[in-house]
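Enquirer: Predicted model and sequence follow; I will ask about them next.
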Amino acid sequence: MNISSDPDYLAAEIDIPRPSLAREKLLEEVRRKLETGQKGLNLVIIGHVDAGKSTLMGRLLYELGELDEKARRDNERGSERAGKASFKWAWALDESAEERERGVTMDIATTHIRTPSLLITLLDAPGHADFVPNMISGASQADAALLVVDASPNSFEAGFERAGQTREHLVLVRALGVSQLVIAVNKIDLAIDAESRYNEIVSTLSPFLVQSGFQLPRVAFVPLSGIEGINLIDKSSALPWYDGPTLLSALDALKPPARPYTLPLRLPLSNVFRGQTAMASGIGVSGRIASGVVQVGDRLRILPGDESAVVRLIEQDDDSAPWAAAGSTVTLYLAGVDQIHLDIGSVLCPPDAPVPLALAFTAQIIVFDLQLPLTQGASVELFHHSRDVPVTLSKLLATLDRATNAVVKRDPRVLTKGQSARVQITLRTGTISGPGERVAPVPLETFTVNKDMGRILLRRGGETVAAGIVTELLTLA
Ligand SMILES: Nc1nc2c(ncn2[C@@H]2O[C@H](COP(=O)(O)OP(=O)(O)OP(=O)(O)O)[C@@H](O)[C@H]2O)c(=O)[nH]1
């Protein structure tokens, strides 16, 4: 398309704003705001199907006043009519009609809760095996995880056995660099002897957590009941033997992530759309700022590619804002660019500090439950910030101890389930869907430089085979 004939493009060109604050001033303002404001944290909720994740979150939202009485009653009536009365609390999160019919959570729903010191964004991940990819997109944005296990007789065991999702979810979040964990030992109301059941679950999970690379001092176990509201906000007389934190105080004690606003801007796009209102016309893009600050009037480079655009408007929490910083989820309206140059997975950066574009890199990965082991030269798909790229597992460098990262074996021939390994990954630069169509390099950074830009997943035939972090960029585009 000829860009200059696009009416949106022309209209947008007319009122291109200029940045209002010099960089030093802007950083000073961001620093003041971030230090005084409530700290944000992304929490992914994980656990085996039916462990009670949605019920627990619904009840917690209600107790914290985030869900009003009318919404609760409407949900309760709705679920009773549908013959699923016991699901009433879960309706706060499980929203779509299909979810109501099936009684399972299918997509990532996002909601906030406020603890005394944190504003927590809940990323609710479904427990159904079919929906593991959704759970992954939540986990790849998480700063901490809340694992819900079912303490009722035999249920914990069902979730923790090989086919259950408890292990897989834990291994996955750890592989993505999450180290803080709260474990809700849920449905404690159904346990026959609550104290010994709680102790049994703690002592079964602990060795597995250590083996998976978690440090027990950064893990809090909390016995509770989502449905009865036991030990969520206040200490409960139902658990006289327990003297640890309530769920709320365990969540409040989580360490908020650093918000690397002094690093160059990295905004990986999770959505690209055409703005419909007069204010928000032109091209809209949204995503979570991985690092840096963006200000209205900034010119930004779009990578991969050679295009740039100017920020006309920033929307955050349904309001317009003069700037937004690392950690915030934002929508930007852009001028001076055509929509064809923006993809889900594109990264917006300052023109003078573009994100590296890698063709090969090393990563530390954890291999999931696989039918076929991973061999050197295997073709897989790299999944990074909603972008899917064909890659080759070009070298298997070493297998590692999951708890200590020490090398167990150099140059292994294959990688099998549960193994942690260092590997080299190379983009397949041949054609993809047609003649002449080249694979674009991936905008990547190491996990040490930029956590959000350094988490990866590997998939094969629609199945996630490994997750991990980028350790070194080898060949740059
Ligand atoms: N007794 C008891 N039952 C509970 C408790 N929490 C949840 N349940 C019941 O457990 C079942 C599953 O609860 P959900 O909240 O839908 O579970 P989930 O983990 O979100 O399930 P998915 O979204 O399908 O992964 C429902 O029948 C709930 O009513 C609890 O604390 N005590």
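Expert: That came through fine.
Enquirer: Who is Leu473 paired with across the strands?
Expert: For Leu473, the beta-bridge partners under DSSP bridges are Phe361.
Enquirer: So what's the residue count around it?
Expert: When neighbours are defined as other Cβ atoms under 10 Å, Leu473 has 19 of them. Yep, even glycine has a C-beta here, placed from its N, CA and C like the rest.
Enquirer: confidence score at it?
Expert: Per-residue pLDDT puts Leu473 at 96.
Enquirer: dump the residue contacts of it.
Expert: By Cβ atoms under 8 Å, 6 or more residues apart in numbering, the residues touching Leu473 are Pro356, Ala358, Phe361, Leu444, Glu445, Thr446.
Enquirer: Cross-check the contact I'm expecting between the last one and Gly454.
Expert: Yes: A contact is recorded between Thr446 and Gly454 when judged using Cβ atoms under 8 Å, the distance being 5.2 Å.
Enquirer: between those two, which one's more packed in?
Expert: Neighbours per residue (other Cβ under 10 Å) separate Thr446 from Gly454, with Gly454 holding more: 23 against 19.
Enquirer: The ligand versus the closest residue to the more buried one other than its chain neighbours, what's the distance?
Expert: Sequence neighbours aside, Phe447 is the residue nearest to Gly454 in space, at 3.3 Å (criterion: Cβ to Cβ, 6 or more residues apart in numbering). Distance, Phe447 to the ligand, using Cβ to the nearest ligand atom, to the nearest Å: 29 Å.
Enquirer: Same question for Pro412.
Expert: 35 Å.
Enquirer: Look at that residue and tell me its secondary structure.
Expert: Going by DSSP: H, G, I helix; E, B strand; the rest coil, the secondary structure assigned to Pro412 is coil.
Enquirer: That one touches Ala421, doesn't it?
Expert: Yes: Pro412 is within contact range of Ala421, at 7.0 Å (criterion: Cβ under 8 Å).
Enquirer: can you give me how far stretch 245-263 is from the chain middle?
Expert: 15 Å (Cα atoms, centre = their mean, to the nearest Å).
Enquirer: list the buried ones in that stretch?
Expert: Within stretch 245-263, the residues that count as buried by 16 or more other Cβ atoms under 10 Å are 245-252, 254, 256-257, 259-261, 263.
Enquirer: got any ranges where the stretch 101-250 of the chain has weak pLDDT?
Expert: Per-residue confidence for the stretch 101-250 of the chain (pLDDT under 70) gives these ranges: 101-110, 124-140, 163.
Enquirer: Return the residues in contact with Glu66.
Expert: Thr111, His112, Ile113, Arg114.
Enquirer: separation between it and Leu56?
Expert: Glu66 sits 14 Å away from Leu56, going by Cβ to Cβ, to the nearest Å.
Enquirer: Check His48 too.
Expert: Remark: distance between His48 and Leu56 (Cβ to Cβ) = 13 Å.
Enquirer: And Ile314, by the same measure?
Expert: 34 Å.
Enquirer: So these two - more neighbours on which side?
Expert: A direct count of neighbours by other Cβ under 10 Å for Ile314 and Leu56 places Leu56 higher, at 27 against 20.
Enquirer: I'd guessed that one sits against Gly226; true?
Expert: Yes: with contact defined as Cβ under 8 Å, Leu56 and Gly226 form a contacting pair (3.3 Å).
Enquirer: where do the contact lists of these two overlap?
Expert: Trp89, Val148, Ala184, Asn186, Leu232.
Enquirer: Wait, a helix at the residue nearest to Gly454?
Expert: No: with three-state DSSP as the criterion, Phe447 is coil rather than part of a helix.
Enquirer: Report how many residues lie close to it.
Expert: With other Cβ under 10 Å as criterion, Phe447 counts 19.
Enquirer: give the contact list for the residue nearest to the spatial centre of the chain.
Expert: Centroid-nearest residue in the chain, with Cα atoms, centre = their mean: Gln141, separated by 2.3 Å. Counting by Cβ under 8 Å, 6+ apart, Gln141 makes contact with Asn42, Val44, Leu123, Arg288, Asp452.
Enquirer: again, only using 6 Å
Expert: The contact partners of Gln141, by Cβ atoms under 6 Å, 6 or more residues apart in numbering, come to Asn42.
Enquirer: picking that back up, can you go through the contacts of Glu66 and name the buried ones?
Expert: Thr111, Ile113.
Enquirer: so which of the contacts of Glu66 comes closest to Phe221?
Expert: Ile113 (19.9 Å; Cβ to Cβ).
Enquirer: That closest one: what secondary structure?
Expert: Classification of Ile113 by three-state DSSP places it in strand.
Enquirer: so it bridges to which residues?
Expert: So, taking DSSP bridges as the rule, Ile113 has Ile120 as bridge partners.
Enquirer: residue boundaries of the helices in the stretch 151-300 of the chain?
Expert: Secondary structure of the stretch 151-300 of the chain, counting by DSSP state H, counting those that start in this stretch: helices at 155-160, 165-175, 194-211, 247-252.
Enquirer: Can you say which of the ones you listed is packed in most?
Expert: helix 165-175 (a mean of 24; mean count of other Cβ atoms under 10 Å).
Enquirer: how far does that one sit from the chain's center?
Expert: Its chain's average C-alpha position is 13 Å from that of helix 165-175, according to Cα atoms, centre = their mean.
Enquirer: can you tell if it touches the ligand?
Expert: No: applying Cβ under 6 Å from any ligand atom, one finds helix 165-175 out of contact with the ligand, separated by at least 8.6 Å.
Enquirer: which residue sits closest to Ala309, ignoring its sequence neighbours?
Expert: Val337 is the one closest to Ala309 (Cβ to Cβ, 6+ apart), at 3.6 Å.
Enquirer: Of the shared contacts of Leu56 and Gly226, which ones also sit close to the ligand?
Expert: The residues of these that also fall near the ligand, by Cβ under 6 Å from any ligand atom, are Asn186.
Enquirer: residues in contact with Pro264?
Expert: Gly292, Pro350, Ala353.
Enquirer: Within the helices and strands, which one has the closest residue to it other than its chain neighbours?
Expert: The shortest distance from Pro264 to any residue other than its chain neighbours is 3.6 Å, reached at Ala353 (Cβ to Cβ, 6+ apart). Using DSSP states H and E, Ala353 is not contained in any helix or strand.
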